[in-house]
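Student: Build me a model from this:
(chains A and B)
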Amino acid sequence: MNIQEFSLGDSIVHRFDPRTKILATLVLSITVTLMNDIGSLCLAFFFPITLLLIARVSVRQIFRRLIAVNLFALFMWFVLPFTVVGGAEYSLGPFTIYRDGLLSALRITLRSNVIILSIMALLGTSPIFNVVHALEHLGIPNKLAHLYFLCFRYVHVIGEEYQRLRVAMKCRGFKPGTDLHTYRTYAYLMGMLLVRSFDRADRIMAAMKCRGFKQRLFIIHHYEMRRNDYVFAAVSMLFVTIILAIR
Amino acid sequence: MIHLNDISFKYNSKTIFDRLNFDLVKGDRIGLVGPNGSGKTTLCRIIMGLEKPASGIITVLGKPRLTESDFAEIRGRVGYLFQDADDQLFCPTVLEDVAFGPLNMGKTVAEAKQITLGTLGKLGLEGFEERITYQLSGGEKRLVSLAAVLAMSPEVLILDEPTGGLDEETTCRLVDALTSSDLTYLVISHDKDFICQVTSQRLWMEKGRLTALP
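Tutor: Got it, this is the predicted structure:
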C-alpha cells in the first residue's frame, strides 16, 4: 500500500498552497468539533466531498480508510446509547437505550468522518515534504515537523520488518494460540521491532549526517500563494460561516 | 587523502582495533575483504566520524579531524554508501532524495535538480526522478543511494558492501560506473569477482589487523 498515493494526482486541489490547506483543515475541524446540530454536521460533508471529487481520488481507497475510522466510531455505538441518560427511552431486550446517547454516538461518527475526509482531501493531496515544510512556515518547531515526517517515512519500513519477522515465525511452525508461549513470542516480536527501529534511527541519522544534514529540510517543489489559494481560503471561510449560521 | 594513525577502538569493552594504521592516497582503489565482524564497517564509520576511537589520529583531506564540526566539513567531500539502502533513502521521491545532499551543500533548487538528473542519467536511471523510494526494488534502491552519494561530487568514496543483493546486470552497471570514473575509493565486499574488477589493491582484515593481499 502506498500511504502517499493521494498526493500523486494533479488537480487544482493538489496545487493549492499547503499552508492554506493546513489552516482550512484546522478551522473546519475545530468548527465541526464544536458543532452539535446534526443537520449542520451533515451539511459539513459537502466541503470535503466536493474537494475529493475535484481531486479525483480513488473512491475505493477513500472507503478503505473510512472503514478504519469507523471501527473506532463503532465502539461509541456499543457504549454511548446505553450510558448517556436523557431523552426518550427505548427498550432493547433487557437493556434501555436513550435518545441522547444515540444522538451523541451519531454526532461523534459524523464529526470524525468529516474531519478524516477533510484531511484526506486537503493534507493527503500534498506531498508529505510540502506539508512538513508548510508546518514549519506556520511556526511549528522544526523538531516536531521532522519527527512527523520521519514517522511517516519509516512506518512503511517498520511495517515490512514486522511482516518479515511474522513470515519467519510462520516458517518455523509458529501458530498463535492462547498460551504463554504465544504471548512470550509476541512480546519478543514487539521487543525486537523496537530495538531494530532504534538501531535504524541511529543509522538513518548517520546517513543524513554523511550527506551534510544541518537540521533543515529543503523542498524541491516550491509553493507560493496564488490567486486560486486566496479564492480557496475565502470559499472555505464562507463555508464555515454558513454551517455555523444555519444551525 | 585518508590517513589513520595508531587507531585504537573498543566496542562494549571488546577491542576491535589496537593501533591500526591505514592510508588512502589520491588515485587509490582499495578493496577491503575479511570475515564478518572483523571491523571493516567500523573502519569506515571511524573515517566518517560516526564512531570515536579511544586513541589515534584521523587525518582526512589534509587536516586532522577531532570534533564533530571537523567531520561535518568532510561529509559530502567523502561519500559514504551505507550497507542498507533503506537507511539512506528517506525522502518520498527519488528526486528529493538525490537532491538532499546537494541542497545541504547550499546549492539552489534548480542546480540540485540539474545535478540529480545528470547523476541519475550516468547510472542509467533516467526517468526515475518521480518514483517513490520505498517502492523501488533492492537493486534500484542501491543504485539510487549511490546516485545520492555521487550527486555531492565527493573526492573520495567509501562503499560498504555495494553489491549485496544485486543481480549480475546491476552489478555490471555498478562496475562500469566505478571503473569509468576517476574517483579514489575504498570498497568493502565479499564478492571476489567484483572486488578484482573494480580495485587495484586488496587489503585483508582479520581481528582488527590489516595485511596486503597479492
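
Student: What separation do you get for residue A:216 and residue A:208?
Tutor: Distance of residue A:216 to residue A:208, computed by CB to CB, to the nearest Å: 11 Å. Yep, even glycine has a C-beta here, placed from its N, CA and C like the rest.

Student: now residue A:47
Tutor: Residue A:47 is 38 Å from residue A:208, by CB to CB.

Student: Among residue A:216 and residue A:208, which residue is more densely surrounded?
Tutor: Neighbours per residue, other CB atoms under 10 Å in any protein chain shown: of residue A:216 and residue A:208, the larger number sits with residue A:208, 21 against 10.

Student: what comes up buried for the helix or strand containing that one?
Tutor: Per DSSP states H and E: residue A:208 is located in helix A:180-210. Buried residues in helix A:180-210, counted by 16 or more other CB atoms under 10 Å in any protein chain shown: A:189, A:200, A:203-204, A:206-210.

Student: how about the strands in chain A?
Tutor: A:89-92, A:95-98 (DSSP state E).

Student: mind giving me CSV with those strands and columns for mean pLDDT?
Tutor: Listed next are the strands of chain A as CSV, based on pLDDT from 0 to 100:
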stretch, mean pLDDT
strand A:89-92, 82
strand A:95-98, 86
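
Student: lowest average confidence, helix or strand, in chain B?
Tutor: Sorting the helices and strands of chain B by mean pLDDT, DSSP states H and E puts helix B:85-88 at the bottom, at a mean of 81.

Student: Show me what that helix is packed against.
Tutor: helix A:180-210, helix B:138-150 (3 or more CB pairs under 8 Å, 6 or more residues apart in numbering or on different chains; DSSP states H and E).

Student: Could you provide those in CSV, with additional columns for mean pLDDT and distance to residue A:90?
Tutor: Output for the helices and strands packed on helix B:85-88, formatted as CSV (pLDDT from 0 to 100; distance: least, CB to CB, whole Å):
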stretch, mean pLDDT, distance to residue A:90
helix A:180-210, 86, 41
helix B:138-150, 89, 59
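
Student: what's near enough to touch the closest residue to residue A:197 other than its chain neighbours?
Tutor: Spatial nearest neighbour of residue A:197, excluding adjacent residues (CB to CB, 6 or more residues apart in numbering or on different chains): residue A:158 at 5.6 Å. Contact analysis of residue A:158 by CB atoms under 8 Å, 6 or more residues apart in numbering or on different chains lists A:193, A:196-197, A:200.

Student: Run through the residues that contact residue A:69.
Tutor: Contact analysis of residue A:69 by CB under 8 Å, 6+ apart lists A:112-113, A:116.

Student: can you tell me which residues contact residue B:101?
Tutor: Taking CB under 8 Å, 6+ apart, one finds A:211-212, B:76, B:148-149, B:151-152 in contact with residue B:101.

Student: Give the residue farthest from the middle of chain A.
Tutor: The C-alpha centroid of chain A is most remote from residue A:94, which lies 37.8 Å away (CA atoms, centre = their mean).

Student: And that one, how close does it get to chain B?
Tutor: 52 Å (CB to the nearest CB, to the nearest Å).

Student: Check that residue and give its pLDDT.
Tutor: We have a pLDDT of 83 for residue A:94.

Student: related to what we said a few turns ago, could you save the buried residues of helix A:180-210 as a markdown table and add columns showing distance to chain B?
Tutor: Shown next, in a markdown table, are the buried residues of helix A:180-210 (distance: CB to the nearest CB, whole Å):
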| residue | distance to chain B |
| --- | --- |
| A:189 | 20 |
| A:200 | 7 |
| A:203 | 4 |
| A:204 | 5 |
| A:206 | 5 |
| A:207 | 5 |
| A:208 | 7 |
| A:209 | 6 |
| A:210 | 5 |
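
Student: most packed of the strands of chain A?
Tutor: Mean neighbours per residue, mean count of other CB atoms under 10 Å in any protein chain shown, is largest over those for strand A:95-98, with a mean of 14.

Student: who does that strand touch, helix- and strand-wise?
Tutor: Packing partners of strand A:95-98 (3+ CB pairs under 8 Å, 6+ apart): helix A:59-83, strand A:89-92.

Student: per-residue confidence averaged over the first one?
Tutor: So the one you mean is helix A:59-83. 89.

Student: ok, residue B:45 touching residue A:209?
Tutor: No - if you go by CB atoms under 8 Å, residue B:45 and residue A:209 don't touch, sitting 11.1 Å apart.

Student: and residue A:59, how many residues sit next to it?
Tutor: Neighbours of residue A:59 (other CB under 10 Å): 10.

Student: Could you tell me how far it is located from chain B?
Tutor: Using CB to the nearest CB, residue A:59 is found at 22 Å from chain B.

Student: likewise residue A:84?
Tutor: 43 Å.

Student: Would you list the phi and psi of that residue?
Tutor: The phi/psi pair for residue A:84 (degrees, to the nearest 10) reads phi -90, psi 110.

Student: separation between the closest residue to it other than its chain neighbours and chain B?
Tutor: Counting by CB to CB, 6+ apart, residue A:101 is the residue found nearest to residue A:84 once chain neighbours are left out, at 3.6 Å. Distance, residue A:101 to chain B, by CB to the nearest CB: 43 Å.

Student: wait, what's in contact with residue A:101?
Tutor: Contacts of residue A:101 (CB under 8 Å, 6+ apart): A:80-86.

Student: Among those, name the buried ones.
Tutor: In the contacts of residue A:101, burial by neighbour count holds for A:80-81, A:84, counting by 16+ other CB under 10 Å.
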